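Asks: need the 3D shape of this:
(3 chains)
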Amino acid sequence: MLVDGLIYSLFLHFIFLSSTYALMTYGMALICGIMRIINVLHAGFIMFGGYFAYTLFIYFGIDPLLSSIILIPIAFILGFSIHRVLLARLASISMQMTLLLLFAIWLIAQNLALLVFTADPRMIASRLPYAFEIYLGGVSISFQRIVLLASFILISFSTYILLNRTMLGKAIRGTSQDEEAASYCGVNTKLIKDIAFGIGTVLASMFGALATVLYPIDPFFGTVFQFKAFVITVLAGMESIIGVIVASMMIGAIESVAGFYLKFGLLDIVTYMLLLVILIIRPQGLFKG
Amino acid sequence: MKSIYRILVIISLVIMVSIPKISGADGIVRYLLWVLLIITLSSGWNIIGGYAGQFSLGHSVFYGIGAYIFVLFFHSFKIHWALSFFIAGVFSVITSIIVGVPTLRLRGGYFAVGTLTLSEVMRVWANNAPEVFKGGVTGVAVTLPEGWSPIYSYYLMLSLTVVSVAISYFVKNSTLGLKLRAIKDDEDAAEGLGINVLRCKVAALMLSSLIVSLAGAAQITFTAYVSPDSVFGVKRSLEMVLACLLGGLGTLYGPIIGGALFEILARILWGFPHLHLLIYGGIIATLIVFEPRGVIGIADRIRHILKSRLFLR
Amino acid sequence: MLEGANISKFFGGLAALKNVSFSLNMGEIVGLIGPNGAGKTTLFNVITGFTPPSSGIVRFKGRKISGLKPHKICKLGIARTYQIVKPFSNLTVLENVVVGMVSGRRKLSLSKARSEALEILKLVGLENKESIQAKNLTLMDKKMLEFARALATEPEVLLLDEVCAGLNPAEIHRAVQLIKNLQKQGLTIFWIEHIMRAIMAVADRIIVLHHGEKIAEGTPREIANDSKVIDAYLGEKYLLG
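Replies: Model (predicted):
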């Protein structure tokens, strides 16, 4: 009975972890597919979303779930503008420079947050109306995890519909697969790239806002997730929602099991080595879109 | 090398060598130690970031490996410091191959993010594994050999800086340097001409990591301290990039000028520890948008404007 | 010398090449023509190793080269030019050629390479422009530079991709003369071209691709009168005459 319970709770842990990871990676995978570079600003957007939700809660009592909805237009405009003004031109000239610029912007954002909010972790999770424990099959879990899981399902579904069933989604996928061909088909690839970056920003920020439901936020919030998002993005290949989910599950599984045995810090080395191996054998990811 | 430059180099070398002999120059010597350090690091980064055009965002990983391996062998295993240096370099070069081969093959920032994540991974590991990384989170003070004075460190750093700049010079004027310039310009065309692009990039990375790791080991002799945050941190990586960008990416003298400028900046920011990274990020962003070729680029522009003005006269 | 057997290349569901076979004999000039999107450049990319074939084999002097990396294939003796010129913009004309000399089959030292590079520049008529940065050249000069650079690697087979595009008649004539010259010097040439009068006059044989498939092969005269080819070009017969 004890072993059963252990497996069951590990399984629950795995489900929650994987869904969280997948949700956090969507934004990065989308931008990666469209711009063909790893968005190091991803962590910055997550942090932005987190502090946004935090501020709205502290000063206006607005629930993070609602904040994440409010974020959608705001984050979109933010991402769209950053891409249009700073990145679009640079990306066609030099990818390396674009990367460095994204990195510099992230640094600025992170350190501004450090100045304004200080390094103290800010916790609002405990003050939420659904911060209670429930029992699921004998294991106690915070209800927030259920909330996060539900958000994950909702967002995954909406993003899937957006990418696969709308004209916009088709344009985005077409542009990321073959820009020249897409422009021949009449797609305004410049605009599409701006839009895609905006959507990626929205996804990252929403994750940040939703994460405050469970985690405390500090300026280094995104950093922890960014590494994993990177690994998952590489594993998943780009453009594929399913790919991201499956890859997240793989990482989630590894972490749930190995994290049990390996000392903290060593697990990251193992994951990193795995990343290098994947880059050698199948850099386009396991699920080419 | 043009003869006037040769004379200037010799003069500056003579000056640098004689400075410690001047009495009361202790403060200058200590200041110069930091300048030499950043010049070395910047020259090292320049080989992979400037010549090869592959930006490494986590170059501190090699710096930290150099530092920690040196401490491990010199401090813990009591091995002679010169040999410890050598071993530190070897570890770093091996790491550069392990990271470089999978990531430099691909386009799209895998290398940049690869080094960045590794430096963070190492930092976290070092924080949690004091058996391997002496001192763990808090770091450890390193006892230097009997009778060691900062002047020894000075000559050590000076030699290292000269060697780094010399390596940079030889790479720039060698076949490898030419191939790297071609790769930077058009990787596919380079590959089609028979250039083994991956091998060239990895070679540049190996040289770069060697220089940076030796600097990481050498700086222990005057900081007498090592900790995960101080050697594996993002700040260190950024400083190398910033100094290189400031002076002029991909040039020979850029890292030197940039290093000197950077130290001045560091002195100014000394009183505001919270602003460091913010200002670094701001300067890098500004440079990228307006003048990626740094001081040398600005000098070129001015020269251009003057030339055309004089011409029109 | 150079042959491909049943080369196919798929990009996702799209077939860029379907069972294309070809064979070049030493010293030949073989033309490769076909409407836009026929797969010609894709075939070159497969031959030079830039993209692996989905199926089929490429053989050079009897040895299988499909699957090798581009730099190895260059070192074996196959060089190419590109449809849209790709010079090393920030390098001078001389340096561009030197790169070819130090990376190709011979791997000379830098000083030796410089003097030999000048010889090649004379061949293409660029000897007076050696210190000009490649980005400041005219289109014609850039194309000549591509020739020079490819020749610097001492190839036995030269793949030319639409050399004459964007050139005026005088320039086309100069390019064709150069190609004839190269054939005299023993090079085998595989040449993609749209400007028919240039290629028809010079090629020994012509292969025609359409929608990724080989639809005809023969002498220029045979091709010019082949109804399948004429259909493919849809009334561009006047060009073939």
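Asks: now what about stretch C:36-47, what contacts it?
Replies: Stretch C:36-47 is contacted by residues C:2, C:4, C:7, C:9, C:16-17, C:20, C:22, C:32-34, C:51-53, C:58, C:65-66, C:73, C:78, C:80, C:83, C:159, C:161, C:190, C:192, C:209-212 when judged by Cβ atoms under 8 Å, 6 or more residues apart in numbering or on different chains. Just so you know, the C-beta spots here come from the backbone N, C-alpha and C atoms, and that holds for glycine as well.
Asks: where exactly do the strands run in the chain?
Replies: No chain specified, so I'll use chain A. A:133-136, A:139-142 (DSSP state E).
Asks: if you could check chain B rather than the one you did, that'd help
Replies: B:140-141, B:225-226.
Asks: ditto for chain C
Replies: C:2-11, C:14-24, C:29-33, C:55-60, C:63-64, C:78-80, C:157-161, C:188-192, C:205-210, C:213-218.
Asks: deepest of the ones you listed, which one?
Replies: Most buried of the strands of chain C, by mean neighbour count (mean count of other Cβ atoms under 10 Å in any protein chain shown): strand C:78-80, with a mean of 27.
Asks: what about that strand and chain B, touching?
Replies: Yes - under the criterion of Cβ under 8 Å from any Cβ of the partner chain, chain B is reached by strand C:78-80 at C:79-80.
Asks: for the residue of chain B found nearest chain A, give its distance to residue B:269.
Replies: Using Cβ to the nearest Cβ, the closest approach of chain B to chain A is made by residue B:281 at 3.3 Å. Distance, residue B:281 to residue B:269, using Cβ to Cβ, to the nearest Å: 13 Å.
Asks: okay, these two: which has more neighbours?
Replies: residue B:281 (23 against 15; other Cβ atoms under 10 Å in any protein chain shown).
Asks: my guess is that one meets residue A:104, correct?
Replies: Yes - here residue B:281 reaches residue A:104: they are 4.5 Å apart, a contact under Cβ atoms under 8 Å.
Asks: what segments of chain C are helices?
Replies: For chain C, applying DSSP state H gives helices covering C:40-47, C:70-76, C:93-103, C:110-124, C:139-152, C:169-184, C:196-202, C:220-224, C:227-233, C:237-240.
Asks: now tabulate these in CSV and tack on mean neighbour count and mean pLDDT.
Replies: Listed next are the helices of chain C as CSV, based on neighbours: other Cβ atoms under 10 Å in any protein chain shown; pLDDT from 0 to 100:
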stretch, mean neighbour count, mean pLDDT
helix C:40-47, 24, 90
helix C:70-76, 22, 92
helix C:93-103, 27, 90
helix C:110-124, 17, 85
helix C:139-152, 24, 91
helix C:169-184, 16, 89
helix C:196-202, 19, 84
helix C:220-224, 17, 83
helix C:227-233, 15, 76
helix C:237-240, 13, 49
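Asks: could the ones you listed go into a markdown table alongside distance to residue A:47?
Replies: Conversion of those to a markdown table gives the following (distance: least, Cβ to Cβ, whole Å):
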| stretch | distance to residue A:47 |
| --- | --- |
| helix C:40-47 | 43 |
| helix C:70-76 | 42 |
| helix C:93-103 | 45 |
| helix C:110-124 | 50 |
| helix C:139-152 | 47 |
| helix C:169-184 | 57 |
| helix C:196-202 | 60 |
| helix C:220-224 | 64 |
| helix C:227-233 | 58 |
| helix C:237-240 | 61 |
